[in-house]
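Student: pasting a predicted model and its sequence here:
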Amino acid sequence: PSALPSNFIYDAVSADVAAGRRGGRVQTRFPPEPNGFLHIGHAKAIVVDFGVAADFGGICVLRLDDTNPETEDTSFVEGIIEDIEWLGYEPADVRYASDYFGTLYAWAEQLIREGLAYVDDQDPEAISAGRGGYGRPGVESPYRDRSVDDNLDLFRRMRAGEFPDGSRVLRAKIDMNHENMQLRDPIMYRIRRVEHHRTGDEWAIYPTYDWAHGQSDAIEGVTHSLCTLEFESHRPLYDWFLTQLGVADPPRQYEFARLELTHTVTSKRRLAKLVMDGIVDGWDDPRMPTLRGLRRRGYPPAAIRDFCREVGTTRTNARQSIEALESYVRRSLNETAQRRMAVLRPLKLTLTNWPVDADGSPVVEYFEVPNNPERAEDGVRQVPFTGELWIEEDDFREVPPPKYFRLSPGREVRLRGAYFVTATDVVKDDAGRVVEVLATYDPASRGGNSPDGRKVKSTMHWVSAPHAVNATAALYERLFTAEAPGEATGEALDDVNPHSRELLEGCRVEAALADASPGEVVQFERLGYFAVDLDEPMLFHRTVGLRDEWAA
Ligand code: ATP
Ligand code: MG
Ligand code: MG
């Protein structure tokens, strides 16, 4: 079909389907290890894995690659499932590599019986040294030629938990001089006498990634196993195991580039360290590139999906700019976000000629304001206006610098949708700081236009002080100052930005914002898009500015 993306994966899958390979079926899998939460890089893999399946009328299964019990946990499993759903995908099934421990074990015995695997008693250092290096031959283990019976006996006793952790491994017997290191007798099983979050203490040995992965693909009926480029050198091993086991119509592995973003990291280990070291509040901190962080930050899942698709599926690793992702977020929010007025750093503005009504209380006027000028169907709301207002501290200068067109003594500006006002005087505190601006308004400019055609150079947002609600705003800078964190020192965390968050308490916002729902993203006029925190009602995270403020 011509509407499909054109890239090497789609081309390969198309060709397989056309040739009727593997019954013309397409089945993919997304195989995260439940040792952390998903990040933007995983989103890319999800978009590819689920996208390819959907585009060819096939299915994509979520497989939790739970072969390292020490670092894994069910809370990560639940988080991963939730995050995939939030991103907008539904796995055809949820499976676990641990579902296949029994089959994998039986297959390992089969390879032992065929003389293709052996128990090695060397310690991990000796195994690693014996592997040699590129251009350097490996050294065969002294245990490589054990009899099948000895190997079977030792392997069964490894399984039974008779030996200490790390004392023995099961290795495939391939070629210690192979030019591809992955084929120099790779490890299939390690002894780890630890509880597994699903299988408990049933197993004292656990399969390695290489032994578990392709075989799990085969068991599930995966046709195309899509993964990132670092597994390219593993592909011959992936194929070797399936060939030795005689799997008919085996799955095939295809590799694509990892997604990396500027000013952040996509390594679970480093993300976990940010959490451990208290640099962020948790995996769901709005500064984190995790899906739960981006969600709390207000990123629409559709914007993430579109960005991942736009980046494309290539075989060249390249860091994408975070500004490109943000432009997708901004475009999407511009269409959907309700407009509201909020004052982040409030300064009192008092209209000295504002009328009082018969009983002496100040008049309240209501202005009808569109909720989203981009979408008429979102309707309008009534915003109260009085002679006592909050404006942004930044929108007033007692002594305006050159080219400053906002409010200053003697200057007239427009209060958005309300009136023209002219500053007349200021009130200062003992320290000489301006704490209140006095102004007059022009009753003829109701609605924000003057009948005599008089122009003003600036339009400012405002909130009626007696009606305002208190709020906290969290403003964010990049989590890492460097574009490529760690490029200079080798350690990404050296480039952490110590000022990545500014919390502004005492913001004054429109009362309508008290009704915003958790996770909703609104546009604060002139200030950016803000997401209502998922737990704290009057906490607003700045999702992204209205313009690309980081552009040079
Ligand atoms: P990490 O190095 O952060 O631990 P990982 O690759 O070990 O990442 P897994 O949970 O094993 O994380 O990854 C699940 C799937 O997501 C794999 O197929 C992997 O290739 C893919 N993936 C992980 N990181 C990225 C990334 N940055 N870009 C694209 N795909 C990724
Ligand atoms: Mg992995
Ligand atoms: Mg990993």
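Tutor: That came through fine. Ligands and ions are numbered 1, 2, ... in the order given.
Student: the residue nearest to residue 91 when sequence neighbours are not counted: helix or strand, and which one exactly?
Tutor: Once flanking residues are discounted, residue 91 sits nearest to residue 62: 3.7 Å by Cβ to Cβ, 6 or more residues apart in numbering. C-betas here are computed from N, CA, C, even on glycine. Assigned by DSSP states H and E, residue 62 belongs to strand 59-64.
Student: and the residue of the stretch 401-550 of the chain found nearest ligand 1, what is it in contact with?
Tutor: Closest contact between the stretch 401-550 of the chain and ligand 1, by Cβ to the nearest ligand atom, is at residue 492 (12.0 Å). Shown in contact with residue 492 (Cβ atoms under 8 Å, 6 or more residues apart in numbering): 265, 267, 270, 480, 485, 486.
Student: let's see it at 7 Å
Tutor: The neighbourhood of residue 492, defined by Cβ atoms under 7 Å, 6 or more residues apart in numbering, consists of 265, 270, 480, 485, 486.
Student: and for residue 493?
Tutor: Taking Cβ under 7 Å, 6+ apart, we find residue 493 in contact with 270, 273.
Student: what comes up buried for stretch 519-532?
Tutor: 520, 521, 522, 523, 524, 525, 527, 528, 529, 530, 531, 532 (16 or more other Cβ atoms under 10 Å).
Student: meant to ask about stretch 422-435
Tutor: 422, 423, 426.
Student: count the neighbours of the residue nearest to residue 192 when sequence neighbours are not counted for me.
Tutor: Distances taken as Cβ to Cβ, 6+ apart place residue 206 nearest to residue 192, at 5.1 Å, with adjacent residues excluded. For residue 206, the neighbour count with other Cβ atoms under 10 Å is 24.
Student: the helix or strand harbouring residue 206 packs against which elements?
Tutor: Assessed by DSSP H and E, residue 206 sits inside strand 205-207. For strand 205-207, the packing partners by 3 or more Cβ pairs under 7 Å, 6 or more residues apart in numbering; DSSP states H and E come out as strand 187-191.
Student: what's the strand it packs on in contact with?
Tutor: Strand 187-191 is contacted by residues 108, 117, 158, 163, 165-172, 204-208, 211 when judged by Cβ under 7 Å, 6+ apart.
Student: so what's residue 207 up against?
Tutor: Counting by Cβ under 7 Å, 6+ apart, residue 207 makes contact with 67, 104, 188, 189.
Student: in those residues, find the pair that's most separated.
Tutor: Of all pairs drawn from the contacts of residue 207, the one with the longest distance (Cβ to Cβ) is 67 and 188, at 11.1 Å.
Student: what is the least confident helix or strand in this protein?
Tutor: Within the chain, no helix or strand scores below strand 318-320, which has a mean of 90 by mean pLDDT, DSSP states H and E.
Student: and for the chain, the residue most distant from the center?
Tutor: residue 358 (57.1 Å; Cα atoms, centre = their mean).
Student: for that residue, grab phi and psi.
Tutor: Main-chain dihedrals, residue 358, degrees, to the nearest 10: phi -50, psi -40.
Student: tell me the spacing between it and residue 467.
Tutor: Distance, residue 358 to residue 467, by Cβ to Cβ, to the nearest Å: 21 Å.
Student: near ligand 1, which residues of the stretch 1-150 of the chain?
Tutor: 31, 32, 33, 41, 42, 44, 45, 65 (Cβ under 6 Å from any ligand atom).
Student: wait, which of those residues is closest to ligand 1?
Tutor: residue 41 (2.1 Å).
Student: who's in contact with the nearest residue to the closest one once chain neighbours are set aside?
Tutor: Leaving aside its chain neighbours, residue 41 sits nearest to residue 266 (3.7 Å; criterion: Cβ to Cβ, 6+ apart). Neighbouring residues of residue 266 by Cβ under 7 Å, 6+ apart: 39, 40, 41, 259, 260, 289.
Student: quick check, nearest of the residues you listed to residue 400?
Tutor: Distance to residue 400, by Cβ to Cβ, is smallest for residue 289 among the contacts of residue 266, at 40.4 Å.
Student: what does stretch 380-396 contact?
Tutor: So stretch 380-396 is contacted by 343-351, 354, 362, 364-371, 406-408, 418, 434, 437, 460, 462-468, 508, 510, 512 (Cβ under 7 Å, 6+ apart).
Student: buried residues in it?
Tutor: Those buried within stretch 380-396 under the rule 16+ other Cβ under 10 Å are 381, 383, 385, 386, 387, 388, 389, 390, 391, 392, 395, 396.
Student: same deal with stretch 185-194?
Tutor: For stretch 185-194, the neighbour count (16+ other Cβ under 10 Å) marks 185, 186, 187, 188, 189, 190, 191, 192 as buried.
Student: repeat that for stretch 336-350.
Tutor: Within stretch 336-350, the residues that qualify as buried by neighbour count (16+ other Cβ under 10 Å) are 336-344, 346-350.
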